[in-house]
Each structure stands twice: as structure tokens, then as C-alpha cells.
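> the following block contains a protein sequence and its predicted model.
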Amino acid sequence: MRAEDHVRRLLRQSDRTPTGQLERALLQSAVDLSDALGDEVLAYESRMRLSAWAAASGDSSVRLRAFDRCLELHLGDPHRFPSAVGDLDLLWDFASIPRLLAGSPSYDREAIAGCLDEMLEVFSFHGADLRAFDFARFEVAALCGDEALARESLARVAGEMRAPRGEQGRAEPLLCDACVLSAEIAWHAERGHLDRAAAAADRLRESGSGCADEPELGLSRGLVPCLLTGRLDEARHGHLEGYERVRHNPKHLEAVAGHVEFAVMVGATQRALRLVERHACWLAADPLAGSAQFAFLCAAGGAMDALTRSGRGGTTVTPLNAAVLAAHLGSRVGAWTATTFARACWTAASSLAHAFDTRDGNGRFARRLSAARAIRPVTAWEPSAWGGDGRHRGTLTGGPRADAVDAGGRSGADATDDRLSEPRALLARARECAAVGDREAADSAVDEALPRADPITRSELFALRIRMHVERGDLRAAEEQLALRVDCLIVDGLDDDAEVDLQLGLLLFGAPLAGRRSELERGLQRAGELELAPAAQMRISVVLATQLMREGSYTEAENLLSKALDGVVDVRRSAGLLVLADAYFALGRFQDALSAIDLLLGDPIDRALRASALLRRSTVVFTLDPVQAMEAMDRAIDDADRALHLFVELGHCEGVLDACGVLGHLLGRIGSVEGSLEALRTAHSTAEHFEHPDVDAMAFRLACALVRADCGGEARQLLDDVVERMPLEGDRSLRGEMFYWLAHACRQDDDDPAAYGAWSLALEEFARADDDHASARVGIALGRLLFDNDDPASVEVLREASRRARAAMRREGHRTTNRDVPAATLLIDALHLLGRAQAAFGDPAALRTLDDVVKEAVALQRFAPLFEANVAESRARALDDLHRESEAVASARHAAALYDVAGDPVGAARLSVFGARLLVGTGETGEADALYGAGLARFDSAAGSGHSTAEARIERAIAAREQKALRDRPAEPQPEAIEPGSPENVTTREPAPPAPAR
């Protein structure tokens with residue numbers, strides 16, 4: 001295939017692809033290839049599309065680079081590079097460039113003014129409607145705080161919109177009505193003209209107009225004016241509807257800021273918190289979107305201040321993908337709270353305001369910052385429609401909360417039972433809430449239990465609270481609680497536990513253990529010398545054993561815990577039993593591990609620990625030999641299923657994911673494809689509900705399983721979403737895998753052009769990663785696609801795939817790799833398919849290639865009987881493609897015999913019928929009839945032995961009909977003898993019936 005044709009294919013596929021990262025990848029590939037070819041026209045068209053994509057996606061950096069190059073080419077040669085290419089218009093794109101520059105403090109006033117001057121020059125040259133220029137000048141003036149120029153420009157735009165258009169050189173409008181109305185809303189709202197802003201919002205809703213940014217931004221700008229003019233119902237409806245339109249695209253950061261501000265003003269602080277957590281990572285999406293970043297930082301700071309004013313300043317704030325926030329909010333050790341997050345937001349907003357005001361020479365952004373700090377709720381409204389969003393992430397849809405269920409598994413229907421308020425039950429509830437991350441509920445349960453708890457329970461309540469403080473990085477609070485615990489231990493007569501706490505402090509409660517082994521060993525030795533109680537010594541032993549396990553000292557850990565657990569029989573032995581089971585597993589002593597877990601499950605433990613123990617017990621089946629594994633499989637599946645149900649009851653996201661993973665693997669091993677898929681679906685839906693950071697990994701795993709189960713449509717939907725969230729500069733191999741499986745899903749979904757585009761992208765990614773093995777795998781898939789579509793380009797693609805496979809073999813050598821398919825297998829597959837493709841397009845080299853397949857297979861010890869039959873079949877079909885029918889018939893007979901030897905009667909039947917059709921084409925009807933009969937007999941044999949399929953039954957019916965038609969032919973008259981050499985001595989060959997599709 002010519003490289004130019006490949007670029008055209010990519011561009012056509014990009015036109016069919018929804019705006020997103022997949023379209024971006026296709027267009028970037030087209031741009032890079034066009035530049036490499038030196039084809040400026042093709043590169044211009046590609047960049048025009050890329051600029052339009054960037055405008056729709058909010059990637060200002062990509063947009064400016066693409067637009068600048070297109071404008072340069074257009075100004076240099078307007079005829080060769082016209083302003084309009086298809087439905088793309090360079091002038092329409094130009095209309096919003098000044099606003100983009102003004103919205104970032106990175107561009108000074110001189111650069112912005114130069115952009116406006118160039119815009120006026122270009123628009124005038126084309127005789128374009130100058131309303132777009134006037135509006136661009138208004139947007140720049142408004143953003144830069146030039147009140148007089150903004151007012152003048154807005155009046156001119158409004159007057160021109162009311163006046164009839166005069167004669168213009170271009171018929172296409174270059175000004176978006178929705179953008180004008182949105183700008184009016186913001187202009188009037190900032191100046192306190194709320195009635196005018198609300199009226200403009202009404203006109204925007206009624207107009208139905210829009211573009212890449214609108215009406216979403218304008219609708220969000222209109223929420224507060226509607227609220228403050230007494231139209232609460234309209235405003236909340238607009239919020240609920242409008243937020244759904246902007247929640248998935250980072251380009252809508254400023255619109256989301258409007259929704260956060262609205263939530264604060266109606267008193268929906270929990271809703272505002274969730275929106276901030278979900279979208280704060282968008283601050284890093286577009287480095288040039290300074291104005292949008294400022295709006296979001298102000299809204300987020302206001303939301304956190306509202307929480308603090310309500311007495312919840314200590315609420316934990318957990319932004320999605322928090323690592324990307326360091327560039328905007330500064331690095332953070334430990335968790336954010338509402339108070340600290342607010343402080344960081346206001347600091348960042350102040351920095352941006354200073355940068356903008358320094359550039360513009362006024363105080364507009366400082367005034368906006370002061371106004372944002374002064375925002376207060378005007379009503380109290382947390383609608384039921386937001387209930388699901390206001391829940392803590394640790395609660396599963398449909399399952400009872402952990403704090404509504406007691407340790408025995410009774411649901412919230414019994415919540416009024418007095419036993420639920422007993423200290424031990426409250427301790428169990430607190431542990432379960434802590435396990436699912438609901439620290440607020442855990443703290444509440446601890447507070448309720450402490451005044452009435454017995455000494456042992458009180459000590460465990462304090463221990464739980466200390467652990468929670470350590471986990472969130474609040475070591476000062478942990479030390480304070482530890483001091484209270486020690487005081488209570490002494491008062492309660494638990495001096496041995498107090499001694500241990502005083503010696504080792506937070507090391508016993510989850511503090512980092514690295515480099516502290518000797519300290520723990522000295523503490524354990526001293527506890528022995530003081531003859532402290534076994535339970536107190538065991539606490540040190542459990543922590544020390546945990547560190548030994550991390551260092552790989554499994555035998556030492558097992559000896560230590562076995563000794564420590566001797567004589568400890570109360571509920572405090574549970575942690576030791578769990579670590580001991582892990583040590584046994586690591587040492588290969590599986591029966592001992594099971595015994596330890598059985599002991600643990602016999603104790604009155606909370607549901608979170610019980611579920612973890614059941615899941616651990618279910619995984620022992622992975623360590624057994626095949627016979628033992630099948631015997632233990634039912635119990636393992638039952639354990640995993642029980643663990644899953646407990647985790648679901650608790651709303652324990654991580655637990656549900658782990659249990660689904662184990663359950664899916666177990667069900668897959670017994671051949672329950674649907675059961676395995678259902679487990680993976682549950683894992684994915686759970687991760688999605690909790691907005692888990694591994695949700696994309698879950699979706700990818702499910703999608704791969706769906707492709708293997710031939711459910712391409714469902715897999716494609718999942719992979720489209722995963723690719724959309726995939727980082728552009730992420731791991732090349734990972735990106736290649738995503739594209740590879742997406743292409744398979746597209747192919748199963750009967751969308752070959754999309755599969756072509758995705759496999760092409762996968763090849764590029766693996767080439768950049770210098771991964772010959774993966775490149776060969778993708779090349780085979782792409783070559784097969786092209787071959788199936790009768791595209792001669794398949795030959796070159798498959799030849800390159802075989803070259804890559806050889807290179808991968810040289811790299812791998814005799815080393816064992818973690819690849820699913822060895823490079824040797826890829827080489828054989830690539831050569832095999834290459835031979836078929838060469839023959840199909842008339843290249844006699846196909847036969848030599850197929851001979852090479854046999855040689856490689858023999859050399860690599862992969863020449864199995866069924867493989868030999870497959871190659872023989874390919875040779876027969878290749879000979880037919882090369883019009884060597886007699887040899888093709890002989891090869892077909894040979895292949896059928898090989899299929900018989902390999903135990904594949906259906907394959908043998910197909911080759912017999914194939915040979916019969918060739919004989920019909922050469923006029924040898926007698927032999928053809930015999931081969932048809934042999935094929936039908938083999939089909940019948942397959943049916944009798946249970947090897948037949950629906951497809952085979954259809955093929956048999958067709959073959960039987962062909963044989964009958966052959967027998968019903970009238971006998972041909974015998975020709976008279978013709979002397980050799982006479983002109984009539986010519987054999988006419990009937991065309992053979994078409995062979996089955998490849």
C-alpha cells in the first residue's frame with residue numbers, strides 16, 4: 001500500500017471516530033506520516049483536522065501548534081492551501097484564537113494584540129464577516145479587564161447581530177450566537193446585572209445553537225443569576241441536566257466550576273465536595289487554560305470553606321488522580337482535609353490572579369478572588385437526586401452500609417436491637433467501617449463504645465483509632481491517642497500492654513517498619529525478660545513477623561509466630577493467625593496454612609476479617625496439582641463466593657475487586673465462561689461505582705475476556721472508554737496493547753476500517769517501544785484483516801511481521817519469557833499466512849514460503865499432525881490460486897488424509913469437497929463424484945462421533961446438493977476422433993464453483 005493511501009485511510013477513519021483520544025491518535029499519526037513523506041498538502045489537511053479536534057477537546061497546546069502551521073501555509077500560498085477544506089474552516093478556527101491567548105497569563109498583551117491584528121488582516125483579505133473580529137476583541141478586552149473597550153465592542157456586536165447582513169465575500173457565518181450569549185451572561189453577572197444575565201441565559205436555552213464550548217459553559221454561567229433572581233427550580237433543573245453534559249470532558253473545567261459554585265450557594269456542601277474531588281485533576285489537563293483554572297480554584301476553595309464553616313474542616317478530601325495536582329497545589333504528605341485543601345486552592349488562585357493582573361495592569365482578577373471568598377449559601381437544599389453522590393465511596397449500591405450491620409451479619413432492619421450498641425458490636429462495626437474507608441462512621445462507633453467498654457475492648461478501640469490516624473499520615477493525632485490508650489491501660493490494670501506500647505510506640509500500629517527490625521527484636525527480647533503476658537508479647541511478634549515476611553525470612557516468621565501463639569486463645573490472636581497462614585503459604589506448607597485459617601474462621605471475628613480469610617483460603621487451589629485442584633475447586637469457589645457476598649455487604653471496594661478476580665479465575669478454570677465474565681463485570685461495575693483508580697485496568701481485563709468470548713460489541717464500548725482516558729505520553733507498550741485489543745473488538749463488531757486504524761496505531765506504538773514480538777503479533781492480525789479484504793497490501797504487512805518475529809526470536813533466544821505466544825509460533829503463523837496471501841495475489845513464491853513454514857516448524861519442534869494438515873491445506877489452496885489445478889487436487893487429497901490422521905474428520909471432509917470442486921472445474925466428473933462421496937462420508941463420521949458443528953452441517957448440505965447436481969447432468973456426447981495438431985484439438989474447461997471464503 002502506498003504511504004499516501006495509508007494516510008488517507010487514517011483520515012477517513014478519523015472522520016468516523018467520535019471526538020476523543022482515539023481520534024487524536026489517528027490524526028497525529030496522519031500528521032507525522034505526512035511530514036515524513038514531505039507531502040505538505042496532506043499534512044495541511046491532517047493539521048486542519050487536528051486543530052478542530054483540539055478545539056473540541058480543549059487541548060490548547062496542540063491546537064495552537066496545528067493552527068499556526070496551517071495559517072503559515074495558507075498565507076504563503078492561499079490557492080494550494082485554501083482556508084476551507086471540506087467542512088473545516090481556518091477562519092472559523094481563527095475566531096476563537098485570541099480568546100485562547102487572553103485566557104492564559106503565559107501570553108503578554110503584545111502577543112494578543114498581534115493576533116487580533118493578524119485576524120483582522122486575514123478576515124479582510126477574504127471579505128469575511130467582521131462581527132467575529134469585533135466579538136474576539138470584546139472577549140479579549142473582557143478577559144484583560146479593559147472595561148471601556150469591552151463595552152464598546154459588545155455594543156457593536158449586539159448592534160450588528162440585529163442588523164441585516166450586507167454583501168460579504170463569504171456566505172458562511174464565522175460568529176457563534178451561543179458564544180455571544182454566553183459572554184453576555186458572564187459580563188452582566190460579573191457586574192451584578194442579574195436580570196440581564198438570566199435573560200441572556202433564557203435566550204441561550206431557547207436558541208438551540210452551540211459550538212465546541214457552548215452552550216455548556218453559558219448554561220453553567222446562568223445558574224447563579226437564575227438562583228439569585230428567585231428561580232430556584234429552574235436553576236436546580238439546569239444544574240442537574242447541565243452537569244451531565246460536562247462531567248466527562250476536561251475542556252469543560254470552567255463550566256464545572258460554575259456547577260460547584262452553584263452547589264455551594266444552595267448549601268449542597270457534600271455535593272460540592274464530590275464534584276471537587278472528581279474534577280480537581282482536570283487542573284492539569286490544559287496548561288494554557290489559566291482563566292478556567294482560576295475559576296475552578298475559586299469554586300473549590302469556596303466549597304472547602306463552606307465545609308469548614310459547618311464544622312467539618314477535618315473532612316478528608318481525596319481527589320482522583322491526586323498526583324497530578326502537585327504542580328498546582330504543591331506537594332502533599334498525607335491526606336488533604338477540607339481546611340488544608342481550601343488553603344492550597346486560595347494560594348494557587350491568588351498566584352494566578354497576580355499573574356493575570358500584572359499582565360493586564362489592573363485588579364480584575366483580584367476583585368474576582370475577593371468576590372469568590374465572600375460567597376455564602378443563600379438556601380439549604382441537598383436534593384434526593386444527589387443522595388447517591390453524597391454517600392461515602394465505601395458504600396455499594398444496593399448493599400447495606402457496614403455501620404448498619406452487626407458482626408454476626410444482621411442487617412439494618414435489626415438496627416434498633418440493643419445488642420448493636422454493645423461495645424463489642426460497636427468495635428466490630430468500627431473495624432468494618434475502617435476497612436471500607438468510612439473513617440467518619442468508624443470514629444463515631446469508637447466514640448459511642450468507649451465510655452461503656454470493658455478494658456480489653458477499650459484498648460482495641462484506641463488501637464483502631466491510632467491505626468486510622470497512622471494510615472492517613474496524621475502522626476501527631478496518633479501520638480495523642482496512644483498516650484490516652486497507655487493511660488487507660490494502666491488504669492485498667494493492663495500493665496503489660498502499656499509497657500509494650502511505651503517501648504515501641506507507633507511501630508505496633510502500622511507505622512513504617514523499614515530499618516526498624518532490630519528495634520522490634522530488642523523490644524521482644526525485653527518483653528520476654530520482663531515475662532510479659534503472652535498476648536502482649538504476641539503483638540510485638542506479629543509486627544516483627546510482618547517485617548520478616550517482607551524481607552523473605554519466611555521460616556523465621558513462622559517459628560516466631562508459632563511460639564508466640566502458643567497459649568493465646570482469646571480474640572487477640574486473629575492478626576497472628578492471619579500472618580502465620582501467609583508464612584505457611586510462602587513456605588509451601590498449604591495444609592498448615594489451611595489449618596491456621598480454619599482456626600481463625602472459628603473465632604468471633606468481624607466480617608471484613610472473615611471475608612479476607614475466606615478469600616485467602618480459596619486461593620490455596622492455585623498451589624495444588626491438577627488432580628488435587630479439581631477436587632478442591634468446589635470449596636474454593638464457595639469460599640470466594642462467600643467472601644464476595646461479605647465484601648458486598650460491607651461495601652468494601654478493594655475486597656469486592658479481589659474476590660471477583662479470584663472467582664473469575666476459578667470459574668474460568670472449570671470452563672464457565674459466562675460465570676467468569678459475570679465476576680469480571682461485577683468487579684468493573686464496583687470499581688466504576690467507587691471511582692477506583694484501577695477502574696481502567698478492570699475494564700481492560702473484562703474487555704479482553706469479552707473479546708476471547710466473541711463479544712466484540714460490549715468489549716468495544718469498554719475499550720473506547722479506556723482509550724479515552726489513556727495518557728497520551730504514557731507507556732508505549734500499554735498503549736499498543738489497548739489499540740491491539742480495541743482492533744479485535746472492532747473486527748468482531750464488523751467494523752474493519754476501525755480495526756485497520758487501531759491496529760495501525762498499535763504497530764506505531766510497539767515500534768516506538770522497540771518491541772519486535774508485539775509488532776509481529778499486531779502485524780499478523782493486520783495482515784489477516786487486509787488479506788480477508790482482498791488487499792494486496794497484506795503481503796508486505798505479513799512479510800514485515802515475519803521479519804519482526806525473526807528479530808524477536810533472536811532477542812529471546814532460549815530464554816523463558818512471560819509472553820502468551822512464543823516468537824517461534826508467531827514466525828510460523830506469519831509465514832503461513834504470508835504464503836496464502838502471496839498465492840492469492842499470483843506470486844509463485846508462495847510455495848517456497850510454505851516450504852519455509854514446514855522447515856521452521858520442524859526445526860522448532862512444532863510440527864504437530866494437525867499443523868501438518870493445515871499447511872498441506874494451504875498448499876492445496878495456493879496451487880489453486882496459481883491455477884495449477886492437478887497439483888492442487890493431489891495436495892487436497894493429501895491434506896484430507898492428514899486431517900484424518902490428526903483426528904479432525906470435519907477438516908478432512910472440507911478438503912475432500914474442495915478437491916471435488918476442482919475436479920468438476922477440470923471436467924473430471926467421475927473422480928469428482930467419488931471425492932464428494934468421501935467428503936460426505938467424513939461429514940457423517942464427524943456427526944456420529946459428536947465432532948460436528950452447525951457450520952459443518954451447512955457445508956455438508958451444500959456439498960450434497962452439489963453432488964446431486966453433478967449426477968443429474970446429462971451425459972456429454974463423445975467427440976469424434978480429431979487428428980493431432982488440428983485446430984479443433986482444444987480442451988474447454990468449465991469454471992469451478994467458487995471456493996468457500998477465506
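Structure received. Computed from a prediction, not measured in an experiment: that's the story for all the values here.
> only the buried residues of the host helix or strand of residue 857, if you could.
Following DSSP states H and E, one finds residue 857 within helix 845-859. Buried residues in helix 845-859, counted by 16 or more other C-beta atoms under 10 Å: 846-847, 849-850, 852-854, 856-857. Glycine gets a C-beta too; all of them are placed from N, C-alpha and C.
> and if you look at stretch 361-376?
Buried-residue list, stretch 361-376, by 16+ other C-beta under 10 Å: 364-365, 368-369, 372, 375.
> same check, this time on stretch 552-568
553-554, 557-558, 560-562, 564-565, 568.
> and those as a markdown table, adding distance to residue 332 and secondary structure?
What follows is the buried residues of stretch 552-568, written out as a markdown table (distance: C-beta to C-beta, whole Å; DSSP: H, G, I helix; E, B strand; the rest coil):
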| residue | distance to residue 332 | secondary structure |
| --- | --- | --- |
| 553 | 35 | coil |
| 554 | 36 | helix |
| 557 | 34 | helix |
| 558 | 39 | helix |
| 560 | 37 | helix |
| 561 | 37 | helix |
| 562 | 42 | helix |
| 564 | 38 | helix |
| 565 | 40 | helix |
| 568 | 40 | coil |
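> which of those residues lies closest to residue 787?
Set against residue 787, the nearest of the buried residues of stretch 552-568 by C-beta to C-beta is residue 554 (53.2 Å).
> which ones are touching that closest one?
Residue 554 is in contact with 548, 583, 586-587, counting by C-beta atoms under 8 Å, 6 or more residues apart in numbering.
> that older thread, contacts for the helix holding residue 857?
For helix 845-859, the surrounding residues in contact (C-beta under 8 Å, 6+ apart) are 824, 827-828, 831-832, 834-839, 863, 867-868, 871, 874-875, 878-879, 881-882.
> repeat for stretch 653-663
Contacts of stretch 653-663 (C-beta under 8 Å, 6+ apart): 393-394, 396, 435-437, 608, 611-612, 615, 618-619, 637, 640-641, 643-644, 646-648, 679-680, 682-683, 686-687, 690, 692, 694, 698.
> make a ChimeraX selection of whichever of the residues you listed turn out to be buried.
Selection of buried members from the contacts of stretch 653-663 for ChimeraX, criterion 16+ other C-beta under 10 Å:
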select :393,394,396,435,436,437,608,611,612,615,618,619,637,640,641,643,644,646,647,648,679,680,682,683,686,687,690,692,698
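> which ones among the contacts of stretch 653-663 are found in helices?
Per DSSP state H, helices hold the following members of the contacts of stretch 653-663: 435, 608, 611-612, 615, 618, 637, 640-641, 643-644, 646-648, 679-680, 682-683, 686-687, 698.
> count of neighbours near residue 600?
Burial of residue 600 is recorded as 24 neighbouring residues (other C-beta atoms under 10 Å).
> quick check: closest non-adjacent residue to it.
Counting by C-beta to C-beta, 6 or more residues apart in numbering, residue 600 lies nearest to residue 577, which is 4.2 Å off, once chain neighbours are set aside.
> residue 836 too?
In space, residue 836 is closest to residue 874, 5.4 Å off (C-beta to C-beta, 6+ apart).
> since that was my last question, I'll sign off now.
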